[in-house]
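*Asks:* Here is a sequence together with a model predicted from it:
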Amino acid sequence: MYVEVTRRPTAVWLARQITEVFPKDTAPKFLVRDNDGAYGTVFRERVHAMAIRDRPTPPHSPWQNGYVERLIGAIRRECLDHVIVLNVNHLRRALQAYAEYYNNDRTHLALGKDASHSRAVESNDAIVSRSVLNELHHRYRRKRGGRSFR
């Protein structure tokens, strides 16, 4: 998950973001997106230049983009519903902390209860907890050699 925040997204800003998300030859084959007016000519040309097939969903049909809707719902339920956002920088920090938690610590049933960035099976030492997002979530881990992690 990649996170960036702006008050007014433009086609130029979105084109820059997609370049940063998918550097060099890491771009996906398809991009499924909604029909927001911010996806202007500059964005569409950048996507085409990256050899990504742009597939906007039909108007008024958010159910056709279930993966994104589910991620947005998870971000709201697991992060933003529990945070009073003070300003753009605070929102950016909260979303970046959540993205790190989502990718490295949060388990996913579709991945066999592993995190997006897989981790090794740990030994049978004592379990310790680390607070994530100001104790909104926790990362549980095995203690190594009597020391706690991080």
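*Replies:* Looks like it came in fine. Numbers count the residues shown, from 1 in each chain.

*Asks:* Please report phi then psi for Phe43.
*Replies:* As for Phe43, its main-chain torsions (degrees, to the nearest 10) stand at phi -60, psi -50.

*Asks:* Now do the helices in the chain.
*Replies:* For the chain, the helices defined by DSSP state H occupy 11-21, 41-49, 66-78, 88-104.

*Asks:* Output these in CSV; the columns should cover mean pLDDT, distance to Val3 and mean neighbour count.
*Replies:* C-beta here means a position set from N, CA and C on the backbone, and glycine is covered the same way. Rendered in CSV, the data for those read as follows (pLDDT from 0 to 100; distance: least, C-beta to C-beta, whole Å; neighbours: other C-beta atoms under 10 Å):
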stretch, mean pLDDT, distance to Val3, mean neighbour count
helix 11-21, 91, 10, 16
helix 41-49, 93, 18, 15
helix 66-78, 84, 9, 12
helix 88-104, 86, 4, 17
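
*Asks:* how about TSV for those, with distance to Pro59 added?
*Replies:* Compiled in TSV, these are given as follows (distance: least, C-beta to C-beta, whole Å):
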stretch	distance to Pro59
helix 11-21	18
helix 41-49	17
helix 66-78	16
helix 88-104	27
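
*Asks:* Any idea which of those gets closest to Thr57?
*Replies:* Across the helices of the chain, the minimum distance to Thr57, taken as C-beta to C-beta, is reached by helix 66-78, at 9.4 Å.
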